[in-house]
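Undergrad: What follows is a predicted protein model with its sequence.
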Amino acid sequence: MISLNATYKTDDSFFIVLAPQESSYSSWPLQRWLLQIDSAKFRLIKDEEVDADRLTMEQVQDIYPGIATIGVTINPWARIVQKFWALSRLSKAGKELAKTLFPSVNLTDFESLINTAFVDTAIVENELVQNQYVHIFFPQLKWLSYDSSEGKKYCDFIIRGEYAKKDVKPLVDYFMINEKKADPIDFNQPLVDYKPYYSSKSKKIIAKYFAEDIDYFKYKF
């Protein structure tokens, strides 16, 4: 997942942190970690628009051509459950709005959400159109990769939020960081225990739909 071959001594790349939409993880904990480190803080680009709108890697390259990217990801099975958990706790007005967008979805039934979002084709045409614009249905690689004239481009570094302590080590090496001088990355995001939500069927549905994410980021159920 790491494409930068240079070391800090010979490379002067600037970096930006990207987090896909509908992820429980944001870019700030990693930015905060980098800002503590003298060899990293002046090479970090913190762009409020990129953070707020969670722009894609391709969009960011248009703004900052050639910038190095650090992507933050979440387990796809957990990502869907986190969204379901959030939807089920919407206000009454929020649930009414959601039902106008997705009339076939039962916001209190996880299997219904999985079947409607990722399986059913016999949904009213309007709802199929709406689904195309809901980011929960997009693989995270939509944000963390893009097709260029030179082929597929991926983030230079990937930090899986659940394994941040392990995944940050290439950045520690790149910036020649004394680990004792940097506090651990704390995403401070309590994740719902996602496994009990899944049947064997829904587990396979997500595995198939997000196969590219799961393979590239090396996630397991």
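TA: Yep, it's here.

Undergrad: Could you use CA atoms for every contact and neighbour count after this?
TA: Fine.

Undergrad: so where's this structure shaky on pLDDT?
TA: Scanning the chain for pLDDT under 70 picks out the ranges 1-10, 101-102, 104-105, 120-134, 179-182, 188-190.

Undergrad: Check it for its longest strand and report it.
TA: As assigned by DSSP state E, the longest strand anywhere in the chain is strand 68-73.

Undergrad: distance of L87 from S24?
TA: Separation of L87 from S24 (Cα to Cα, to the nearest Å) stands at 13 Å.

Undergrad: quick one, which of the two is more surrounded?
TA: Neighbour totals were compared for L87 and S24, and S24 leads with 18 against 15 (other Cα atoms under 10 Å).

Undergrad: The more buried one: what secondary structure?
TA: coil (DSSP: H, G, I helix; E, B strand; the rest coil).

Undergrad: Okay, domains of the chain per the record?
TA: For the chain, the structural domains run 15-74+140-182, 78-135, going by automatic domain parsing.

Undergrad: Buried deepest among the ones you listed, which one?
TA: domain 15-74+140-182 (a mean of 17; mean count of other Cα atoms under 10 Å).

Undergrad: Over to I177. Which of the three states is it?
TA: coil.

Undergrad: Beyond the longest strand of the chain, next helix or strand please.
TA: Going down the chain from strand 68-73, the next helix or strand is helix 76-87, by DSSP states H and E.

Undergrad: right, and the domains of the chain - which one's nearest E212?
TA: domain 15-74+140-182 (7.9 Å; Cα to Cα).

Undergrad: Switch the domains of the chain over to CSV; also include distance to Y209.
TA: CSV is the format used below for the domains of the chain (distance: least, Cα to Cα, whole Å):
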stretch, distance to Y209
domain 15-74+140-182, 12
domain 78-135, 7
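
Undergrad: Could you pull up the residues touching D147?
TA: Taking Cα atoms under 8 Å, 6 or more residues apart in numbering, we find D147 in contact with K153.

Undergrad: now it, what's its secondary structure?
TA: strand.

Undergrad: Break down this protein into its helices, ranges please.
TA: Here the chain has its helices, by DSSP state H, at 28-35, 38-41, 48-53, 57-63, 76-87, 92-101, 110-118, 125-131, 141-144, 164-167, 169-174, 200-209, 211-217.
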